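**Q** Sequence plus the predicted model coming up.
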Amino acid sequence: MKLNVNLGDKSYPIYIENKILDSASDYIADAFSGKKIMIFSDDNVYPLYGEALKRSLSGRFECHEFILPHGEATKAFKTLPAVYSALLDARLTRSDLIIALGGGVIGDLAGFAAATYMRGVNLIQIPTSLLAQVDSSVGGKVAVDLPQGKNLVGAFYQPCLVLIDPLVLNTLSPRFIKDGMGEVIKYGCIRDADLFHTLESHSSFEDLKEELPAIIYSCVDIKRKVVEHDQFDTGERMLLNFGHTLAHTIEQYHHYERESHGEAVAVGMYQITRLAQEQCLTAPGNADRILKLLKQYGLPYECGIPLSELTDTIELDKKNLNDRLNVVLLREIGNSYIHPATIDFFKRNLRTI
């Protein structure tokens, strides 16, 4: 299956296919005509897929690798000097290529390095987690975290190619399958009632496996359309952040050491819909449907943090434009909208969520 993200001279193809990693070098050679490649990966993913990818590319290119510790803590501003040093040691130039082989952390970090090293080098995303395959590898958002919040230093930088192999998910731990399902559920909530119903009609991720390439395609296609209309996240693209206003603060509260991103998104989607329902800003029953689906796929819906301890961080949210906090809400499942609010949206009921 193939999709094209149509952004003029920044357009690129996305391929979704079982076993596509086995022929990745052919796709990469079609997209890149330079000499050197730096593969960024982590210590979980590289032993599984990195060596084989490097071997397949080495006959055509001069290949280097830089392997980072896995986990959100790696995606920190303080990691960047080591990343840039690796690129300089390999003597990469603006005509060379960075490949991000990994989940969302590697995709974001390597993407930010590609956007900023020598003012921009070629980038290819090969996502190996469900969350990265359905969401973060597509659309060009790249970033690193600051102590004050997640993704506060970043850029919009499109890859020249995205390769998605659903079979690599067989090596993911059950927790990170659930993590990715948080983002899959998000897409059903914001734009695709049929996808939401499909998820409701299956009992578990294992039950979905035969339909997984089509589900990944559906999520990526939604993101593609939104990004084409709003590449720089000033309007419609903010819909993709449903649940994230709370999720990012939940992740930060425990220093990225407790909830994963998808788990925090799950909590955020339910809790923000619950708040919206209490304020008559979403259809009755939406929160209950989300709650039921989160339980069905083993995702959390509460985190035990008082809202009063999150409001300062919420006010730093990147969707806070012109002193208005733009909160993504649902009219109904599959139909989302941006609600201009203030921090009072969260302060009306300062309970533990």
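**A** Looks like it came in fine. Residues are numbered from 1 along each chain as shown.
**Q** My understanding was that residue 230 contacts residue 236; is that so?
**A** Yes - taking C-beta atoms under 8 Å as the definition, residue 230 is a contact partner of residue 236 at 4.3 Å. In short, each C-beta sits where N, CA and C put it, glycine included.
**Q** Near residue 93, how many other residues are there?
**A** Residue 93 has 13 neighbouring residues, counting by other C-beta atoms under 10 Å.
**Q** list the contacts for it?
**A** Counting by C-beta atoms under 8 Å, 6 or more residues apart in numbering, residue 93 makes contact with 36, 118, 121.
**Q** among the residues you listed, who's most crowded?
**A** residue 121 (22 neighbours).
**Q** would you say residue 302 is within a helix?
**A** No - applying DSSP: H, G, I helix; E, B strand; the rest coil, one finds residue 302 to be coil, outside a helix.
**Q** quick one, what contacts it?
**A** Applying C-beta under 8 Å, 6+ apart, we find residue 302 in contact with 267, 270, 271, 352, 353.
**Q** Determine which two of these are furthest apart.
**A** Using C-beta to C-beta, those reach their maximum pairwise distance at 270 and 352, which is 13.8 Å.
**Q** who's in contact with the closest residue in space to residue 44 that isn't next to it in sequence?
**A** Distances taken as C-beta to C-beta, 6 or more residues apart in numbering put residue 70 closest to residue 44, at 4.5 Å, once the chain neighbours are dropped. Counting by C-beta under 8 Å, 6+ apart, residue 70 touches 42, 43, 44, 45, 102, 105.
**Q** Just the pLDDT at residue 70, thanks.
**A** On pLDDT, residue 70 comes in at 93.
**Q** Next: the one 4 residues further on.
**A** At residue 74 the predicted local confidence, pLDDT, stands at 92.
**Q** how far away is it from residue 350?
**A** Taking C-beta to C-beta, to the nearest Å as the measure, residue 74 falls 34 Å from residue 350.
**Q** between these two, who's got more neighbours?
**A** residue 74 (21 against 13).
**Q** Give the full set of residues in contact with the residue most central in space within the chain.
**A** The residue lying closest to the centre of the chain (C-alpha atoms, centre = their mean) is residue 136, at 2.7 Å. Residues near residue 136 by C-beta under 8 Å, 6+ apart: 104, 107, 108, 127.
**Q** Please apply the same query to residue 20.
**A** With the criterion set at C-beta under 8 Å, 6+ apart, residue 20 makes contact with 27, 163, 164, 165.
**Q** Neighbours of the first one, how many?
**A** Same thing as residue 27. By the other C-beta under 10 Å criterion, the neighbourhood of residue 27 contains 19 residues.
**Q** For the helix or strand harbouring it, give me every contacting residue.
**A** According to DSSP states H and E, residue 27 maps onto helix 24-31. Contacts to helix 24-31, defined as C-beta under 8 Å, 6+ apart, come from residues 12-13, 15, 20, 37, 53, 56-57, 59-60, 97, 99, 124, 126, 160-161, 163.
**Q** residues of that helix that come out buried?
**A** Applying a neighbour-count criterion of 16 or more other C-beta atoms under 10 Å, the buried positions in helix 24-31 are 24, 25, 27, 28, 31.
**Q** most remote residue from the protein's center?
**A** Largest centroid distance in the chain under C-alpha atoms, centre = their mean is residue 59 at 31.9 Å.
**Q** Kindly provide the distance from that residue to residue 38.
**A** On the measure of C-beta to C-beta, residue 59 and residue 38 end up 17 Å apart.
**Q** Residue 104 too?
**A** Relative to residue 38, and taking C-beta to C-beta, residue 104 is found at 19 Å.
**Q** ok, now residue 195?
**A** Separation of residue 195 from residue 38 (C-beta to C-beta): 36 Å.
**Q** domains for this structure, by residue range?
**A** Per the record, the chain has its domains at 2-171, 174-347, by automatic domain parsing.
**Q** Mind telling me which of those domains the model trusts least?
**A** Lowest mean pLDDT of the domains of the chain: domain 174-347, a mean of 90.
**Q** chain center to it: distance?
**A** In terms of C-alpha atoms, centre = their mean, to the nearest Å, the gap separating the centre of domain 174-347 from the centre of its chain is 12 Å.
**Q** now the end-to-end length of that domain.
**A** 35 Å (C-alpha to C-alpha, to the nearest Å).
**Q** Stretch 316-332 now?
**A** So stretch 316-332: terminal residues 27 Å apart, C-alpha to C-alpha.
**Q** Make sure residue 122 is actually in contact with residue 97.
**A** Yes - contact criterion C-beta under 8 Å: residue 122 and residue 97 qualify, at 4.3 Å.
**Q** And the two? Which one has more around it.
**A** Taking neighbours as other C-beta under 10 Å, residue 122 and residue 97 compare with residue 97 leading, 25 against 20.
**Q** My read is that residue 13 contacts residue 3, right?
**A** Yes - here residue 13 lies in contact with residue 3, judged by C-beta under 8 Å, at a distance of 7.1 Å.
**Q** out of these two, which sits in the busier spot?
**A** residue 3 (19 against 16).
**Q** now the more buried one, nearest residue through space, not along the chain?
**A** Spatial nearest neighbour of residue 3, excluding adjacent residues (C-beta to C-beta, 6+ apart): residue 14 at 4.5 Å.
**Q** again with residue 56
**A** Closest residue to residue 56 apart from its sequence neighbours, by C-beta to C-beta, 6+ apart: residue 25 at 4.1 Å.
**Q** Which residue ranges of the chain form helices?
**A** For the chain, applying DSSP state H gives helices covering 24-31, 51-58, 80-89, 104-116, 130-131, 174-191, 193-200, 205-208, 212-229, 244-253, 261-278, 286-296, 311-314, 344-347.
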